[in-house]
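**Q** structure here, sequence nowhere to be found:
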């Protein structure tokens, strides 16, 4: 199967920066879109940013100009550089990927999630 492992979360003061990473491993043939979502306590999970396999990006209005998503296709890894962090950015951040994976003699497509990493912005 496929695993997505996130890293880079933590506690940061308002105005600070963090860089999240999400590495895919397992029976990966290729990865199409990748993205980051977040879920704050009592709220629904929301899209933060996503990126296509050829590098086109999309951002939530709330993070435009502060966050940058990027990916390294050779490493099956997606990154989220978060600058000028605000308390309202506090949430569990989840990595997401649409993966083409080996399945026996075939290749099939499926969507995978990481386990989540906590980001807390507080003084």
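**A** Yep, it's here. From a predicted model like this one, the values you see are computed outputs, not experimental measurements. Residues are numbered from 1 along each chain as shown.

**Q** per-residue confidence for the residue in the chain sticking out farthest from the centre?
**A** No residue in the chain sits farther from the centre than residue 105, which is 29.6 Å out by C-alpha atoms, centre = their mean. Listed pLDDT for residue 105 reads 90.

**Q** for residue 1, same thing?
**A** On pLDDT, residue 1 comes in at 88.

**Q** what's the answer for the one 10 residues further on, then?
**A** Looking at residue 11, its pLDDT stands at 98.

**Q** hang on, it packs against residue 120?
**A** Yes: judged on C-beta atoms under 8 Å, residue 11 makes contact with residue 120 at a distance of 4.7 Å. C-beta here means a position set from N, CA and C on the backbone, and glycine is covered the same way.

**Q** excluding its backbone neighbours, what's nearest residue 48?
**A** Of all residues beyond its chain neighbours, the one nearest residue 48 is residue 36 (4.4 Å), with distances taken as C-beta to C-beta, 6 or more residues apart in numbering.

**Q** wouldn't that neighbour be in contact with residue 94 here?
**A** Yes: the pair residue 36 / residue 94 is scored as a contact, 7.1 Å apart, by C-beta under 8 Å.

**Q** overlap in contacts, these two.
**A** Common contact partners of residue 36 and residue 94 (C-beta atoms under 8 Å, 6 or more residues apart in numbering): none.

**Q** those two: which is more packed in?
**A** Ranked by neighbour count (other C-beta atoms under 10 Å), residue 36 and residue 94 place residue 36 first, with 27 against 21.

**Q** am I right that that one is in a helix?
**A** No: looking at residue 36 with DSSP: H, G, I helix; E, B strand; the rest coil, it is strand, so not inside a helix.

**Q** so how far is residue 22 from it?
**A** The spacing between residue 36 and residue 22, counted by C-beta to C-beta, to the nearest Å, is 8 Å.
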